[in-house]
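J.: The following block contains a protein sequence and its predicted model.
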Amino acid sequence: MYKHSVFSFLQAFIIVFCCLAILPCSDTIQTVYAEETADPDQAAADEAAEHAQVTFSQEAGADIEGETVELYAPEGYDIYYTVDGSDPTTASAMYTEPLLLQANSSVLAAESDKINVGHFRIYEDSTLPKAITLKAMAVSSSDGTAGPVATRTFFFQDRESVIVIALSTDYSNLLDYDSGIMVKGAYYDEWVKTPEAQELMADDKTWLYQGNYTQKGKDWERPATIEIFDNLYGQETYILDNCGIRLRGGASRVVAQKSFNINFRDSYGSEELNYSLFDDARNIDGDLLTSYKGFGLRSGGNDTEYLKFHDSLIQNLAKDLGITTQALRPAVLYLNGEYMGIYVLVERFSDKFCADHYDVSRENVIIIEEGTVEEGEDEDISFYEELMSYADKDLSDAAVYSEFCNVVDIDNMIDYYAVQIYISNADWDPEKNTRVWRARTPENDDYGDGRWRWILYDTEYSSSLYNIEDTSYQNDSIARTIEKDPLFASVVRNPDFYSKFAEKISYLSNNTFASEKVSAEVDRLAALYKPFMPNYYKRFGDTSNRWDININNIKTFFENRSEFILDAVQNWQP
């Protein structure tokens, strides 16, 4: 009995009539109208449907515990709704009275056997924070014309103090055997039949298992609705948009708390998200960035079960160098109303990222990721091949080295390699977690000069993570890099490069990674993330015993790293 809005049928008719009456005044609108439909009755129906937007009695993000939510639509429309993240149809529940909403049980936990690999699991827990995503659509009772889907996520407690992301999509996009992006699914069942699978499973190398969840590319992107609740700039901000979601990461895809990339495209409704997600993401002139092609929600990668912020720590500390890094901040994710824990919201590298930060044309940007073209044209791989060809040249020769310095930003390269070697990153080499970028055609004397520059990301498999030799403070990571990276092995033999590289290692020891500076940043990030970890443990399993251990391991690494890495660099000379 509450489904009708304050608009009367006559008012709705007048609005439609006025909108149609305006059309002949615009040649452009007339042209589009003629191309789209030659049926004026259908056009009128479409125009009416546009105005048949369902509205809600409660604001998005409201705490609705014990309260009802009323839905409104114009006279002559029925309202259909869902509370499971899917878009409503006429087969969905019809709205007839105010809704006293109750939080749904966790579908992901109930279906966890489809998702769980090894010890990685999703658990139900009645004490976790709860939300519900209500989607509604108005449908004309006379001709069945449907208005747009309206989406609102509500909470059953106060929202978290960090940015909250609510994603909603049909569960089939997540859990379907053939096409669900979060499950083992059909790909897993085919993979387990292979000799490779039998060998990996015998050794319990779960991070190398294959399934639907390891598939990449646009074919594995699914449509979703996104709501953002934020107060970064001192006032409540709410954003509602459509987007595409896909999983992100490498070996970390195996964990139950999946990482996501969020993409905005015209096909979903908006090419970009028009909001300043980060207060430290700025262009070359220092102005705040106000739009994004997409962003990432990262579970923590190799650090997922430990601290979450290991990569944030390294990137934050390295921001004073000449390396490209990401803006990062903590965020909480709800997926179809289900609490999914604390994440790291990360800036995404793209042609727009380079254009925004470095004042180069988007269409002129080339980004190579792990030896393949990520942004640019297929033929741009030839520029990368030219770069890598210097691995086979005598870069100790001054003339060849001078030529190389016209191909790369040598200071940027030194900074990048010095950081990776200093932190002893064991998950990095030319074919793993490596990105470089350049302007295809030089367009200015700064970052658009056509030289290659390196991008720092996914750095958490370092500085004592897992407390193993490869990430220990005693590790001779310069020797490892020379062994695995032919380009670095070639250029480090140049006396000028080596001298600058050794100086940069010393600088990192006394400045960027000075132990007291690292310790202060560790404590700052721990204070941000630790309050959210108890709920993470409830959802994904209790690994709380690793928190203090890893805090201490990081601090110990940087307290002792300087002596060992300085000796290793000094002992290796061209």
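T.: Thanks, I have it. Residues are numbered from 1 along each chain as shown.
J.: which residues touch the residue lying closest to residue 495 once chain neighbours are set aside?
T.: Nearest residue to residue 495 in three dimensions, chain neighbours excluded: residue 574, at 5.8 Å (Cβ to Cβ, 6 or more residues apart in numbering). (Each C-beta comes from the backbone N, C-alpha and C, glycine too.) Taking Cβ atoms under 8 Å, 6 or more residues apart in numbering as the contact definition, residue 574 lies against 396, 492, 493, 494, 495, 498.
J.: chain center to the longest helix along the chain: distance?
T.: What stands out as the longest helix in the chain, according to DSSP state H, is helix 547-571. Centroid displacement of helix 547-571 relative to its chain, using Cα atoms, centre = their mean, to the nearest Å, is 30 Å.
J.: What are the buried residues along that helix?
T.: When burial is assessed from 16 or more other Cβ atoms under 10 Å, helix 547-571 yields the following buried residues: 547, 550-551, 553-558, 561-562, 564-566, 568-569.
J.: same question, stretch 362-378
T.: Within stretch 362-378, the residues that qualify as buried by neighbour count (16+ other Cβ under 10 Å) are 364, 365, 366, 367, 368, 369, 373, 374, 375, 376.
J.: returning to that earlier point: sitting in helices, which of the contacts of residue 574 do you find?
T.: Taking DSSP H, the ones among the contacts of residue 574 that sit in helices are 495, 498.
J.: May I see the PyMOL selection of the buried members of the contacts of residue 574?
T.: To isolate the buried ones among the contacts of residue 574 in PyMOL, judged by 16+ other Cβ under 10 Å, type:
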select buried, resi 396+492+493+494+498
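J.: before we move on, the earlier item: the longest helix of the chain - contacts with which helices or strands?
T.: Contact partners of helix 547-571 among helices and strands, from 3 or more Cβ pairs under 8 Å, 6 or more residues apart in numbering; DSSP states H and E: helix 310-317, helix 410-422, helix 477-484, helix 495-507, helix 515-529.
J.: Each with direction, which strands does the helix or strand that the first one is followed by pair with?
T.: Right, helix 310-317. Using DSSP states H and E, the helix or strand that follows helix 310-317 towards the C-terminus is strand 328-335. Partner strands and pairing direction for strand 328-335 (DSSP bridges) are strand 163-168 (parallel), strand 338-347 (antiparallel).
J.: want to try a markdown table for those, with mean pLDDT, distance to residue 183 and mean neighbour count as columns?
T.: What follows is the strands paired with strand 328-335, written out as a markdown table (pLDDT from 0 to 100; distance: least, Cβ to Cβ, whole Å; neighbours: other Cβ atoms under 10 Å):
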| stretch | mean pLDDT | distance to residue 183 | mean neighbour count |
| --- | --- | --- | --- |
| strand 163-168 | 98 | 17 | 23 |
| strand 338-347 | 98 | 15 | 24 |
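J.: Indicate which one of those is closest to residue 117.
T.: Residue 117 lies closest to strand 338-347 among the strands paired with strand 328-335, at 17.0 Å (Cβ to Cβ).
J.: could you give the angle of the helix or strand following the closest one to strand 338-347?
T.: With elements assigned by DSSP H and E, the helix or strand that comes after strand 338-347 is helix 351-358. Taking axes from the mean of the first three to the mean of the last three Cα atoms, to 10 degrees, helix 351-358 and strand 338-347 form an angle of 50 degrees between their directions.
J.: and helix 351-358, what other elements does it pack with?
T.: Using 3+ Cβ pairs under 8 Å, 6+ apart as the contact definition, the elements that helix 351-358 packs against are strand 365-369.
J.: and the strand it packs on, C-alpha only, in PDB?
T.: Taking Å, rounded to 0.1, in the frame of the first residue of the first chain, the C-alpha atoms of strand 365-369 are listed here in PDB:
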ATOM      1  CA  VAL A 365      51.400   5.400 -23.400                       C
ATOM      2  CA  ILE A 366      53.000   2.000 -23.600                       C
ATOM      3  CA  ILE A 367      53.000  -0.200 -20.500                       C
ATOM      4  CA  ILE A 368      54.700  -3.600 -20.600                       C
ATOM      5  CA  GLU A 369      53.900  -6.100 -17.900                       C
END
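J.: Run through the residues that contact residue 239.
T.: Listed by Cβ under 8 Å, 6+ apart, the contact partners of residue 239 are 226, 227, 228, 230, 273, 275.
J.: doesn't it fall inside a helix?
T.: No. According to DSSP: H, G, I helix; E, B strand; the rest coil, residue 239 belongs to no helix; its state is strand.
J.: low-scoring stretches of the chain, by residue?
T.: Within the chain, the stretches falling below the threshold (pLDDT under 70) are 1-50.
J.: quick check: domain ranges of it?
T.: Following automatic domain parsing, the chain resolves into domains at 1-156, 361-571.
J.: And the ones you listed: which comes nearest residue 345?
T.: Comparing these by Cβ to Cβ, domain 361-571 comes nearest, at 12.0 Å.
J.: Distance from the chain centre to that closest one, please.
T.: Its chain's C-alpha centre and that of domain 361-571 lie 20 Å apart, by Cα atoms, centre = their mean.
J.: Between the two ends of it, what distance do you get?
T.: Domain 361-571 has an end-to-end distance of 44 Å (criterion: Cα to Cα, to the nearest Å).
J.: Helix, strand, or coil at residue 454?
T.: Reduced to three states with three-state DSSP, the structure at residue 454 is strand.
J.: show me the contacts for the residue nearest to it when sequence neighbours are not counted.
T.: On the basis of Cβ to Cβ, 6+ apart, the spatially nearest residue to residue 454 that is not a chain neighbour turns out to be residue 416, at 3.8 Å. For residue 416, the contact set (Cβ under 8 Å, 6+ apart) comprises 323, 454, 456.
J.: sorry, back to before: quick check, nearest of the contacts of residue 574 to residue 445?
T.: Closest to residue 445 out of these is residue 494 (24.3 Å), distances taken as Cβ to Cβ.
J.: Relative to residue 349, which of the domains of the chain is closest?
T.: When the domains of the chain are ranked by distance to residue 349, counting by Cβ to Cβ, first place goes to domain 361-571 at 5.9 Å.
J.: I figured residue 281 hits residue 289, correct?
T.: Yes. Taking contacts as Cβ atoms under 8 Å, residue 281 lies within contact range of residue 289: 4.6 Å.
J.: Overlap in contacts, these two.
T.: Between them, residue 281 and residue 289 share the neighbouring residues residue 357, with contact defined by Cβ under 8 Å, 6+ apart.
J.: Please produce CSV containing the buried residues of stretch 362-378, extended by distance to residue 434.
T.: Shown next, in CSV, are the buried residues of stretch 362-378 (distance: Cβ to Cβ, whole Å):
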residue, distance to residue 434
364, 22
365, 17
366, 14
367, 11
368, 8
369, 7
373, 14
374, 11
375, 15
376, 16
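J.: from memory residue 532 sits against residue 332, does it?
T.: Yes. Distance between residue 532 and residue 332: 6.8 Å, which falls inside the contact criterion (Cβ under 8 Å).
J.: ok, and what's touching stretch 185-193?
T.: 114, 176-179, 197-198, 201, 209-215.
J.: Kindly apply the preceding question to stretch 468-481 instead.
T.: The set of residues external to stretch 468-481 that reach it, using Cβ under 8 Å, 6+ apart, is 417, 420-422, 424-426, 429, 461-465, 488-489, 556-558, 560-561, 564-565, 568-569, 572.
J.: List the buried residues for it?
T.: 471, 472, 473, 475, 476, 477, 478, 480, 481.
J.: want to throw these into JSON lines with distance to residue 246?
T.: As requested, the buried residues of stretch 468-481 are exported to JSON lines (distance: Cβ to Cβ, whole Å):
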{"residue": "471", "distance to residue 246": "29"}
{"residue": "472", "distance to residue 246": "35"}
{"residue": "473", "distance to residue 246": "37"}
{"residue": "475", "distance to residue 246": "34"}
{"residue": "476", "distance to residue 246": "38"}
{"residue": "477", "distance to residue 246": "32"}
{"residue": "478", "distance to residue 246": "36"}
{"residue": "480", "distance to residue 246": "32"}
{"residue": "481", "distance to residue 246": "31"}
